[in-house]
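**Student:** Build me a structure from this.
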Amino acid sequence: NGDGFVDRVELMVGARDFLDIMGEAGRDRRSRIYDDMKKLYSLSDIDGDGVLSAVEVEFARLLDRAQTSDDFGAAGARALHSELDTDRDGSVDRAEFEDFVRSMMHGTDVSAFSGRVFAKADVTGDGRLSPPESHFAALLAVEMSLSDAARAMFEDFDTNADGRISRQEVAERLAALRHTGSRHVELMERVTHAFGHADTDTDGYLDEHEARVLIDLLFN
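**Tutor:** Got it, this is the predicted structure:
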């Protein structure tokens, strides 16, 4: 309805239309998919107002991408929240979240990065993370770190600054690493191998979006 939010009815209508397009196979799977989408909707509605904001829709997308028996569901959110809530006061403050990110990033100075993640995950704006917000923050940290890595790689590889990465630029970087005996040669060989899979439009170049696809291929 163009109000900037997704309510449960709109989500179910979208699911129904998609399954109708799929035909008989879609109808056979409809009940299970509806149940999964209701569960996803419930988990993503962080502030409990019955509609999903743009940020909550992003949470739903990350949940859907990462869904496993361990991290997709209320139990997984509670377990993660308990790990982050080191003072056991029932919520996670920025310092606790920063400690968590630092432990995951091996002691790197992560203050600015964790602050960006925390601010986005704090949907209610109270300066503390509830269990679903903690879950969102953990998923966001992974997503944003991969996006940052893709951006840095793109800027590093795009030696002629034309806004895209060519196979030649990748080959030149690999050759330079081999010449210096860098420990990153193996990673660059993987980049070279994955280039064709990341080049989704098959034009022989990677744009910024495709650079992120490449990062996903390398680390997922």
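**Student:** okay, and the helix or strand of this protein with the least pLDDT?
**Tutor:** Lowest mean confidence among the helices and strands of the chain (mean pLDDT, DSSP states H and E): helix 8-22, at a mean of 57.
**Student:** which stretches of the protein form helices?
**Tutor:** For the chain, helices defined by DSSP state H occupy the ranges 8-22, 24-44, 54-66, 74-84, 94-104, 111-121, 131-157, 167-180, 185-198, 208-219.
**Student:** So, low pLDDT: which residues of the protein?
**Tutor:** Counting by pLDDT under 70, the chain contains low-confidence ranges at 1-34, 67-76, 106-109, 177, 179, 181-185, 187, 220.
**Student:** any idea how far the residue nearest the centre of the chain lies from S44?
**Tutor:** For the chain, the residue whose C-alpha lies nearest the mean C-alpha position (Cα atoms, centre = their mean) is E143; its distance is 3.1 Å. Here the distance between E143 and S44 works out to 15 Å (Cβ to Cβ, to the nearest Å). Heads up, the C-betas are built off the backbone N, CA and C, glycines and all.
**Student:** same deal with A121?
**Tutor:** For A121, the distance to S44 under the criterion Cβ to Cβ works out to 12 Å.
**Student:** now do A54
**Tutor:** Here the distance between A54 and S44 works out to 11 Å (Cβ to Cβ).
**Student:** more crowded one of the two?
**Tutor:** Set side by side, A54 and S44 show more neighbours around S44, with 24 against 9, by other Cβ atoms under 10 Å.
**Student:** Spit out the contact partners of that one.
**Tutor:** When contacts are counted by Cβ atoms under 8 Å, 6 or more residues apart in numbering, S44 is found next to 52, 56-57, 59-60, 63, 132.
**Student:** hmm, 7 Å instead?
**Tutor:** Applying Cβ atoms under 7 Å, 6 or more residues apart in numbering to S44 gives the contacts 52, 56, 59-60, 63.
**Student:** Flag every buried residue along stretch 210-220.
**Tutor:** Within stretch 210-220, the residues that count as buried by 16 or more other Cβ atoms under 10 Å are 210-215, 218.
**Student:** contact partners of it?
**Tutor:** Applying Cβ under 7 Å, 6+ apart, the set of residues contacting stretch 210-220 is 146-147, 149-150, 153-154, 165, 190-191, 194, 197-200, 206.
**Student:** tell me which of these is nearest to A175?
**Tutor:** The shortest approach to A175 among the contacts of stretch 210-220 belongs to V191, at 12.8 Å (Cβ to Cβ).
**Student:** dump the residue contacts of that closest one.
**Tutor:** Neighbour list for V191: 170, 214, 218 [criterion: Cβ under 7 Å, 6+ apart].
**Student:** likewise D199?
**Tutor:** By Cβ under 7 Å, 6+ apart, the contact set of D199 is 206, 210.
**Student:** how close does it get to R167?
**Tutor:** According to Cβ to Cβ, D199 and R167 sit 9 Å apart.
**Student:** likewise F59?
**Tutor:** Using Cβ to Cβ, one obtains 36 Å as the distance from F59 to R167.
**Student:** More neighbours: these two, which one.
**Tutor:** Neighbour comparison, F59 and R167: the larger count goes to F59, with 26 against 14 (by other Cβ under 10 Å).
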